[in-house]
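A.B. asks: Below are the sequence and a predicted model for it; my questions follow.
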Amino acid sequence: MKPLSFRLRIALLSALISGLVLVGFGAMSWYLLYQQKIESVDTELRALGTRHPGWLANRANFDRFNDSLQFIFGQEQEGKVIFLVKDAQGKTLFVSPRWPGTVLPSAIDCSLENAPAPQIQTATRAEAPDRSGQPRWGVGKGRGGAGRGLGPGRGGSQVVFNKIPRFLTVQNPQGCWRLGIMGNDELRLVVGLSFDAAASDLRRMRSIFLVTLPAALLLVGAGGWLVAGRALRPLRSIAQTAERVTAHGLDQRIPASHEDREITRLIGVFNGMMDRLEASFRQATRFSADASHELKTPLTIMQGELETALHAAVPGSPEQQVFANLLEETHRLKTITRGLLLLAQADAGQLKLALEEVNLSTTLDALIEDALILAAGLNLHFDLEIQPDLRLRADRALLQMAILNLLDNAVKYNELEGSVGVSLTPENGSFVLTVCSTGPGIPREEQPKLFSRFYRGDCARQRPAEGFGLGLSLAREIVRAHGGELTLRESRPGRTCFELRLPAARITRL
């Protein structure tokens, strides 16, 4: 799975953190608002119960209770206030006509705890202290009996709430109710207020929050995307400069930026590193070129002297064998020196090409004849598919060196009675040469190092075939100097294929 980009991760992380904060803030706000609504309703319930305890004073007027409620609260509140009266034994004395049918009065637990002393009861007025010195809270005389003042009426007894009120929420299909349970040692008063309006407000706020949350997260994510893009802009400049850094472009530097101190320091470190790399590379390239150039003359002299001594030696003598071995090693040193010189020139961008018109088909046929001579002892079979009369402008000697290296490897690292496949065809306006061979193949772990200089795999070291690890790297530099590319197209047990490709601009068809 492809990893997400750093910019996208920053945007998603910003949205995630903001989402968690918003959800937490919204949940806390909703909870506090819910508690405020509950407390507001509980306060109103407590006020309804304790402000008119005379409702419990005259039991003979319970049948007129509902008329009194409608008179006090009006028609608009009808059905939003419910009452239930029970005695201490749990017997129901009065139930509002609007009491929810799904809420059984007998199922409501009206047990209450005694209030701690000093007791605080609310009534219509305060009377004189009793014998114990405590004030007596009772009900005043109502002006119209139970019909108006909801007091006990004339001659009614005093009512005192000496129990700790209890509140609970009841949910049923007909709506949501908040119930307040108050009373004394003899009676229990259950006052209920409809919680539908408050619940509707809470649901509306929750819906608004849930609808606006994705939009808010989208805005936060977009903001994080923009901020991350702005923060990564200097890094993109660094990446673009680093992409242009090659052996021919070590002079590339990142423009200084004074926007951020951290980025400025990073740019300074990168440019300093490039200065050191350029100096080291120039020194190594100059050394390779100078050393290779200086070695050419003495090696040429040594070759001439050895050839003279070899011809002057007695045939079959030990001296002749020594001279022959030394001459062979001298040829090897000259080959390595020439390869190093060409590589140094390619690294410095100074590989000079003697361009001329080359018939690749004819050149390839001649090189295959040389490969057939090399493969004589292995009994190899050659499968050829060469398009005739393909011509291009190239350096004949260098291009022959690159192609011969591919053919030579296909022969040296093949198997007995194996095969070599050579194909030369135009393809999509390009010139494509494919060289395939049988054999053990190149291990996967060695394939990335295949074009490294002086690298020889385990298979190459175990075979008696000659080589010094510069052939493929030199062939690739030659092909690149011609504007093409050399790659390992396939390698597995039994088959290995190299592909050499040149751009169409250098190809002409007669």
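C.D. replies: Right, received. Where do you want to start? Numbers count the residues shown, from 1 in each chain.
A.B. asks: Which stretches in the stretch 1-150 of the chain count as helices?
C.D. replies: For the stretch 1-150 of the chain, applying DSSP state H, counting those that start in this stretch gives helices covering 6-51, 65-73.
A.B. asks: Buried residues in stretch 194-206, which are they?
C.D. replies: Going by neighbour count (16 or more other C-beta atoms under 10 Å), the buried part of stretch 194-206 is 194-195, 198-199. From N, CA and C alone the C-beta is placed, and that goes for glycine too.
A.B. asks: Tell me which of those residues fall in helices.
C.D. replies: 198-199 (DSSP state H).
A.B. asks: Save the buried residues of stretch 194-206 as JSON lines, and put in pLDDT too.
C.D. replies: Output for the buried residues of stretch 194-206, formatted as JSON lines (pLDDT from 0 to 100):
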{"residue": "194", "pLDDT": "84"}
{"residue": "195", "pLDDT": "85"}
{"residue": "198", "pLDDT": "85"}
{"residue": "199", "pLDDT": "84"}
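A.B. asks: Nearest to residue 346 among the buried residues of stretch 194-206?
C.D. replies: The shortest gap between residue 346 and any of those belongs to residue 199, at 81.1 Å (C-beta to C-beta).
A.B. asks: Skipping its backbone neighbours, what lies nearest that closest one in space?
C.D. replies: Leaving aside its sequence neighbours, residue 199 sits nearest to residue 176 (C-beta to C-beta, 6 or more residues apart in numbering; 5.1 Å).
A.B. asks: List phi and psi for that neighbour.
C.D. replies: Here the main-chain torsion angles of residue 176 (degrees, to the nearest 10) amount to phi -110, psi 130.
A.B. asks: hmm, back to that, quick one: which of the helices of the stretch 1-150 of the chain is nearest residue 277?
C.D. replies: Nearest to residue 277 among the helices of the stretch 1-150 of the chain is helix 6-51 (25.7 Å), distances taken as C-beta to C-beta.
A.B. asks: So, low pLDDT: which residues of the stretch 401-510 of the chain?
C.D. replies: Counting by pLDDT under 70, the stretch 401-510 of the chain shows low-confidence ranges at 456-468, 504-510.
A.B. asks: Now do the strands in it.
C.D. replies: In the stretch 401-510 of the chain, the strands defined using DSSP state E, counting those that start in this stretch lie at 419-427, 430-437, 485-492, 495-502, 507-509.
A.B. asks: Same question for the stretch 251-400 of the chain.
C.D. replies: Going by DSSP E, counting those that start in this stretch, the stretch 251-400 of the chain shows strands at 355-359, 381-386, 390-395.
A.B. asks: Dump those strands into a markdown table; add distance to residue 90, mean neighbour count and mean pLDDT as well.
C.D. replies: Conversion of the strands of the stretch 251-400 of the chain to a markdown table gives the following (distance: least, C-beta to C-beta, whole Å; neighbours: other C-beta atoms under 10 Å; pLDDT from 0 to 100):
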| stretch | distance to residue 90 | mean neighbour count | mean pLDDT |
| --- | --- | --- | --- |
| strand 355-359 | 113 | 14 | 87 |
| strand 381-386 | 105 | 12 | 90 |
| strand 390-395 | 109 | 20 | 86 |
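A.B. asks: Relative to residue 17, tell me which of those strands wins on proximity.
C.D. replies: Of all the strands of the stretch 251-400 of the chain, it is strand 390-395 that lies closest to residue 17, at 60.2 Å by C-beta to C-beta.
A.B. asks: Return that closest one as PDB; C-alpha atoms alone will do.
C.D. replies: Presented in PDB, the C-alpha positions along strand 390-395 are these (Å, rounded to 0.1, in the frame of the first residue of the first chain):
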ATOM      1  CA  LEU A 390      19.100   0.500 -39.700                       C
ATOM      2  CA  ARG A 391      21.500   3.400 -39.600                       C
ATOM      3  CA  LEU A 392      22.300   6.200 -37.200                       C
ATOM      4  CA  ARG A 393      24.900   8.700 -36.400                       C
ATOM      5  CA  ALA A 394      27.100   7.400 -33.600                       C
ATOM      6  CA  ASP A 395      30.700   6.900 -32.500                       C
END
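A.B. asks: What helices and strands are in contact with that strand?
C.D. replies: In this structure, strand 390-395 makes packing contacts with strand 355-359, helix 360-374, strand 507-509, judged by 3 or more C-beta pairs under 8 Å, 6 or more residues apart in numbering; DSSP states H and E.
A.B. asks: Just to check, the residue nearest to residue 199 is in contact with residue 193?
C.D. replies: No - counting by C-beta atoms under 8 Å, residue 176 sits too far from residue 193 to count as a contact (10.1 Å).
A.B. asks: Looking at these two, which is more packed in?
C.D. replies: Shown here are residue 176 and residue 193; by other C-beta atoms under 10 Å, residue 193 has more neighbours (21 against 16).
A.B. asks: ok, longest helix in the chain?
C.D. replies: What stands out as the longest helix in the chain, according to DSSP H, is helix 261-312.
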